[in-house]
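# Turn this into a model:
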Amino acid sequence: MTILPKKVERDGGNTIVTIQCMFCNKDKRVWMTHKEYADRYVYGQMIQEALPNHSADDRELLTSKMCGRCFDKAFG
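Numbering: from 1, shown residues only. Presented below is the predicted three-dimensional model:
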(Lines give C-alpha, C1' and ligand atoms only; values in the text may rest on other atoms or scores of the structure.)
Protein backbone atom coordinates (compact mmCIF):
# COMPACT_ATOMS: atom_id res chain seq x y z
CA MET A 1 0.00 0.00 0.00
CA THR A 2 1.27 3.47 -0.87
CA ILE A 3 1.17 6.12 1.85
CA LEU A 4 -0.12 9.36 0.39
CA PRO A 5 1.97 12.43 1.19
CA LYS A 6 0.65 15.27 3.33
CA LYS A 7 2.02 17.74 0.81
CA VAL A 8 3.76 17.64 -2.57
CA GLU A 9 5.73 20.60 -3.91
CA ARG A 10 7.70 21.15 -7.09
CA ASP A 11 11.06 22.91 -6.93
CA GLY A 12 12.81 23.13 -10.28
CA GLY A 13 13.72 19.58 -11.28
CA ASN A 14 12.74 18.11 -7.94
CA THR A 15 9.63 17.07 -6.10
CA ILE A 16 9.47 17.62 -2.33
CA VAL A 17 7.22 15.19 -0.51
CA THR A 18 6.12 16.00 3.04
CA ILE A 19 5.00 13.16 5.31
CA GLN A 20 3.93 13.56 8.93
CA CYS A 21 5.42 10.89 11.19
CA MET A 22 2.53 9.07 12.85
CA PHE A 23 4.45 8.75 16.14
CA CYS A 24 6.10 12.13 16.80
CA ASN A 25 3.75 14.09 14.48
CA LYS A 26 6.68 16.03 12.98
CA ASP A 27 6.63 16.86 9.30
CA LYS A 28 9.52 15.30 7.40
CA ARG A 29 10.50 16.24 3.86
CA VAL A 30 12.01 13.99 1.20
CA TRP A 31 13.44 15.43 -2.01
CA MET A 32 13.27 13.33 -5.18
CA THR A 33 13.27 13.82 -8.92
CA HIS A 34 10.01 14.09 -10.83
CA LYS A 35 10.78 10.67 -12.35
CA GLU A 36 11.29 9.08 -8.93
CA TYR A 37 8.01 10.60 -7.75
CA ALA A 38 6.15 9.31 -10.81
CA ASP A 39 7.71 5.85 -10.53
CA ARG A 40 6.53 5.58 -6.92
CA TYR A 41 3.22 7.45 -6.78
CA VAL A 42 1.91 7.18 -10.35
CA TYR A 43 3.26 3.82 -11.51
CA GLY A 44 3.39 2.13 -8.09
CA GLN A 45 6.93 0.83 -8.27
CA MET A 46 8.31 -0.81 -5.14
CA ILE A 47 10.05 1.75 -2.96
CA GLN A 48 13.52 0.19 -3.24
CA GLU A 49 13.22 0.20 -7.05
CA ALA A 50 11.78 3.72 -7.34
CA LEU A 51 14.19 5.31 -4.83
CA PRO A 52 17.31 3.12 -4.71
CA ASN A 53 19.66 6.01 -3.82
CA HIS A 54 17.61 7.28 -0.90
CA SER A 55 18.35 6.38 2.70
CA ALA A 56 16.58 3.58 4.49
CA ASP A 57 15.07 6.27 6.78
CA ASP A 58 13.55 8.09 3.78
CA ARG A 59 12.13 4.88 2.32
CA GLU A 60 10.70 3.80 5.70
CA LEU A 61 9.03 7.18 6.16
CA LEU A 62 7.46 6.95 2.70
CA THR A 63 6.17 3.41 3.27
CA SER A 64 5.11 3.44 6.93
CA LYS A 65 4.91 7.11 8.02
CA MET A 66 7.53 6.39 10.69
CA CYS A 67 10.59 8.66 10.75
CA GLY A 68 14.07 7.28 11.35
CA ARG A 69 14.30 8.61 14.89
CA CYS A 70 11.00 7.01 15.94
CA PHE A 71 11.95 3.77 14.16
CA ASP A 72 15.20 3.63 16.13
CA LYS A 73 13.36 4.29 19.41
CA ALA A 74 10.83 1.55 18.68
CA PHE A 75 13.14 -1.10 17.23
CA GLY A 76 16.73 -0.03 17.92
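# any idea how far R69 is from the residue of the chain most remote from its centre?
The centre of the chain is farthest from one residue, G76, which by CA atoms, centre = their mean lies 20.3 Å away. To R69, G76 is 10 Å away according to CB to CB, to the nearest Å. Placement of C-beta: from N, CA and C, glycine included.
# same check, this time on T33
Going from T33 to R69 by CB to CB gives 25 Å.
# Kindly report the same for N14.
Counting by CB to CB, the gap from N14 to R69 is 24 Å.
# which residues of this protein fall in helices?
For the chain, applying DSSP state H gives helices covering 34-37, 47-50, 56-64, 68-75.
# Find the one among those helices with the highest mean neighbour count.
Greatest average neighbour count among these goes to helix 56-64 (a mean of 18), per mean count of other CB atoms under 10 Å.
# list the helices and strands that one packs on?
strand 14-20, strand 27-33, helix 47-50, helix 68-75 (3 or more CB pairs under 8 Å, 6 or more residues apart in numbering; DSSP states H and E).
# Out of those, flag the one nearest E60.
helix 68-75 (5.7 Å; CB to CB).
# residues in contact with the residue nearest the centre of the chain?
By CA atoms, centre = their mean, the chain has its centre lying nearest to L62, at 3.0 Å. Residues in contact with L62 (CB atoms under 8 Å, 6 or more residues apart in numbering) are 3, 17, 19, 30, 40, 47, 51.
# same deal with H54?
Contact analysis of H54 by CB under 8 Å, 6+ apart lists 30, 32.
# Near the nearest residue to R69 once chain neighbours are set aside, how many residues? Count them for me, please.
Nearest non-adjacent residue to R69, counting by CB to CB, 6 or more residues apart in numbering: C24, 7.0 Å away. For C24, the count of nearby residues is 13 (other CB atoms under 10 Å).
# you'd agree C24 is up against D72?
No - using CB atoms under 8 Å, C24 is not in contact with D72, being 11.7 Å away.
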